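Asks: Let me see the structure of the following:
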Amino acid sequence: MRHIAPRSVQATISVSFTIVALVCMLAMGVALYQRFYVRSEKMLTDSAQTLLDQTVVNLEDYLRSMRRVSDAIYYNVIKDEDLSVDSPSNQMNLLYEAHKDYLISLALYNEDGTLISASPVGVEKPGGDVTSQSWFKTALKKPENLHFSLPHVQNIFVDDPTFKYYWVTSLSRAVELNRGGVPGQGVLLLDMNYAVIEQMMEDVNVNPSEQYVYLCDGNGTIIYHPMLMQISAGVFAENNTSIAGYDDGSHKEVFEGSTRIVTVNTMSYTGWKLVSVIPTSNSYMGLKDIRYFVVMIVSITLLAMLILNRLVANRVTRPIRKLNDSIRDIEMGKVNPTVYIGGPTEVEHLGRTLRSSYDQINQLMKDMVASQEEKRKSELDALQSQINPHFLYNTLDSIVWMIEGEKYNDAVFMITQLASLFRVSLSGGKTIIPVEDEIRHALNYMNIQKVRFKDAFTVDFDIDEKIKRCCTVKLIVQPILENSVYYGVKDMEDGEIKVRGYLGDDGDIYIEVSDNGFGMSSEQLQFLLTDDTRARGHGSGVGLINVHRRIQLRFGQQYGLKIESEPDEGTTVTIHIPAIPYNEENQKRLEGGKEHEYE
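Replies: From the prediction side, this is the model:
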């Protein structure tokens, strides 16, 4: 019992593998069996449909040829003859001789049932009344159509060696007769040889015990059935009445406890239905063997898996125990623990991963200390480089020039903007300030630059009110504006700089600084945020890479700058920071580097 205890790795592996193998084999066996079953059924239905289509073509060709004979007699003989003078017998005899393999007789009657002409020449049975027969009444009732009757024994002419007990299918139609210019009505009858239809049906009923095809009319009355004698004797039943209501195509039905596939195809004009019946008990050959084969494969596989699982579990368990001992050493804080690496490939991989993870943890601890030091150093560099002496000198020189030129209002404006610039730059020693103050600092800077460059360019600020009271790292917009001025638009006549701040769909803050300046190539672009050794020709000394790193050090690697530029198309720099409400608690937490604890 100890070997199959619930907490035993060996037992868990053995039982799990066995269950998985059993389920997979059963699923695969059922899937294969089901697929074979569906494919077999489709093959049978397709085969039955093809057989019916070909048979329908043959039957319709035969019936069509009979309709052509009827048309030829009517339109080429009867309509051209004056029956008071001429007789259509010769022409009817010629047509009969040409089609005698398919016809039993041709006959033309007055509407009162009087025989006008027949071919071959026959003698009517005494007392026979054709006006009472269905083919005669139907033809006169619907004179616009041709009518096909059900098979019956010809009973019009006297029995003799030529016309004796022939099974026929009658084709009748109403015709117009001409007697000396006086129109009349009659019926043209073609008794088709039922043996032709019977032979066609026998050709497709090779093995009725596996599949048979029968023919019925639109009401389900059987015209031909390979087991008609058994049906008449009551030893076999057919669902012909119900099947007559089926649509064309394949159907599955249960009749007298047996499942059958029934395929129906309706013949044009006559409305007769050709039906194929395949009993499923005789159709899916080999499915029983497939079931036995699946069961045998599953049983053999299960037995083999029980043996293999036992061996594999023994082989895997021993290395796992050794690896578990190594994990215990790490948990206990052992210095430089030895991590076991060996056993199967998976366990060896776990050992290597564990050793690699242990080394990475130690390295991450060292990197974390270095990262904090770099963050403090970066912020110190930023504070020390906030005001470039060259920029301050040029600004003060511009103020002196304005005073000497008695432009006192402009000088006051410059001094006011410079003072505000210093105030925001210092910010009481804070690194985290509201977005509103950062934008004010940028606006003051640009006001000074516009005066210095004599309004050589325009600046447009569009800042969403929703982001103004959110936290940001100080001095991230002004360095980007410096780049736009010195490298973008200062030498242009119609330079434009646009600053847009908004909340993105992801809830973060985006500040875009765009200019229509000279832009830069992709080769220059790829170094802006990666190479911190490049010399800076102008500005405060707080380069884009410094801004990018300070944002990431404060908020995480998913934030920072994104630069897009094309030569002669301008440059767009997008600042991406999280939307953190500005309050005293969040400001202190971010100042302390706890960017994930804001409210």
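Asks: Please count neighbours and contacts with C-alpha atoms only from this point.
Replies: OK.
Asks: Show me what the longest helix seen in the chain is packed up against.
Replies: Across the chain, the helix with the greatest residue count (assigned by DSSP state H) is helix 9-73. The elements that helix 9-73 packs onto, with contact taken as 3 or more C-alpha pairs under 8 Å, 6 or more residues apart in numbering; DSSP states H and E, are helix 89-98, strand 182-193, helix 194-204, strand 249-255, strand 258-266, strand 273-279, helix 287-331.
Asks: Could you export these as JSON lines, including distance to S119, mean pLDDT and mean neighbour count?
Replies: Shown next, in JSON lines, are those (distance: least, C-alpha to C-alpha, whole Å; pLDDT from 0 to 100; neighbours: other C-alpha atoms under 10 Å):
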{"stretch": "helix 89-98", "distance to S119": "5", "mean pLDDT": "88", "mean neighbour count": "17"}
{"stretch": "strand 182-193", "distance to S119": "10", "mean pLDDT": "90", "mean neighbour count": "20"}
{"stretch": "helix 194-204", "distance to S119": "18", "mean pLDDT": "90", "mean neighbour count": "16"}
{"stretch": "strand 249-255", "distance to S119": "41", "mean pLDDT": "89", "mean neighbour count": "15"}
{"stretch": "strand 258-266", "distance to S119": "32", "mean pLDDT": "89", "mean neighbour count": "20"}
{"stretch": "strand 273-279", "distance to S119": "31", "mean pLDDT": "90", "mean neighbour count": "24"}
{"stretch": "helix 287-331", "distance to S119": "57", "mean pLDDT": "75", "mean neighbour count": "15"}
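Asks: Reformat those as CSV; add distance to E404.
Replies: Formatted as CSV, those follow (distance: least, C-alpha to C-alpha, whole Å):
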stretch, distance to E404
helix 89-98, 130
strand 182-193, 128
helix 194-204, 118
strand 249-255, 104
strand 258-266, 108
strand 273-279, 113
helix 287-331, 76
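Asks: who wins for proximity to E111 among the ones you listed?
Replies: strand 182-193 (4.5 Å; C-alpha to C-alpha).
Asks: Would you quantify the distance from the residue lying closest to P581 once chain neighbours are set aside to H576?
Replies: Once flanking residues are discounted, P581 sits nearest to C470: 4.4 Å by C-alpha to C-alpha, 6 or more residues apart in numbering. C470 sits at a distance of 13 Å from H576 (criterion: C-alpha to C-alpha, to the nearest Å).
Asks: And for G517?
Replies: From G517 to H576 the distance is 22 Å (C-alpha to C-alpha).
Asks: Contacts for the helix or strand harbouring R500, please.
Replies: If you go by DSSP states H and E, R500 is part of strand 495-503. Applying C-alpha atoms under 8 Å, 6 or more residues apart in numbering, the contact partners of strand 495-503 are 456-464, 466-467, 484, 489, 509-517, 579.
Asks: What about those, which are in helices?
Replies: Checking these against DSSP H, those in helices are S484.
Asks: Next step: the contacts of strand 495-503 restricted to strands.
Replies: Counting by DSSP state E, the part of the contacts of strand 495-503 found in strands is 457-463, 509-515.
Asks: Which of the residues you listed ranks first by neighbour count?
Replies: D515 (27 neighbours; other C-alpha atoms under 10 Å).
Asks: tell me the contacts of that residue?
Replies: Going by C-alpha under 8 Å, 6+ apart, the list of residues near D515 reads S484, G488, V489, G495, E496, I497, K498, G570, T571, T572.
Asks: Show me what it is bridged to.
Replies: Taking DSSP bridges, one obtains I497, T571 as the residues bridged to D515.
Asks: Now do it against I480, distance only.
Replies: Distance from D515 to I480, by C-alpha to C-alpha: 11 Å.
Asks: Then D494?
Replies: Counting by C-alpha to C-alpha, the gap from D494 to I480 is 19 Å.
Asks: Pick out whichever of the two has more residues nearby.
Replies: Comparing D494 with I480 by other C-alpha under 10 Å, the one with more neighbours is I480, at 23 against 13.
Asks: so the more buried one sits right up against H548, yeah?
Replies: No: I480 is beyond contact range of H548, at 10.7 Å (criterion: C-alpha atoms under 8 Å).
Asks: pLDDT weak spots in the stretch 401-550 of the chain?
Replies: 424-429, 531-542 (pLDDT under 70).
Asks: that older thread, neighbour-wise, which of G517 and H576 wins?
Replies: More neighbours surround G517 than the other of G517 and H576, with 26 against 22 (other C-alpha under 10 Å).
Asks: ok, that one - contacts?
Replies: S484, Y487, G488, V489, M492, G495, E496, D568, E569, G570, T571.
Asks: ditto for L544
Replies: Here L544 is in contact with P479, I480, L528, L529 (criterion: C-alpha under 8 Å, 6+ apart).
Asks: Would you mind measuring from it to T574?
Replies: The value you get for L544 to T574, if C-alpha to C-alpha is used, is 11 Å.
Asks: now do R589
Replies: R589 is 25 Å from T574, by C-alpha to C-alpha.
Asks: So the two - more neighbours on which side?
Replies: Between R589 and T574, T574 has the larger neighbour count (other C-alpha under 10 Å), namely 22 against 16.
Asks: any idea which helix or strand carries that one?
Replies: Per DSSP H and E: strand 570-577 holds T574.
Asks: Now secondary structure too, for the contacts of L544, in TSV please.
Replies: Shown next, in TSV, are these (DSSP: H, G, I helix; E, B strand; the rest coil):
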residue	secondary structure
P479	helix
I480	helix
L528	coil
L529	coil
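Asks: Name the member of the residues you listed with the most neighbours.
Replies: I480 leads the contacts of L544 on contacts (other C-alpha under 10 Å) with 23 neighbours.
Asks: Please give me every residue in contact with that one.
Replies: I480 sits next to V513, L544, V573 when contact means C-alpha under 8 Å, 6+ apart.
Asks: try I297
Replies: Counting by C-alpha under 8 Å, 6+ apart, I297 has no contacts.
Asks: rerun that using 10 Å as the cut-off
Replies: M25, L26, G29, R291 (C-alpha atoms under 10 Å, 6 or more residues apart in numbering).
Asks: now do V294
Replies: Contacts of V294 by C-alpha under 10 Å, 6+ apart are M25, L26, M28, G29, V30, L32, Y33, K288.
Asks: Over stretch 37-54, what's the mean pLDDT, rounded is fine.
Replies: Averaging pLDDT along stretch 37-54 gives 83.
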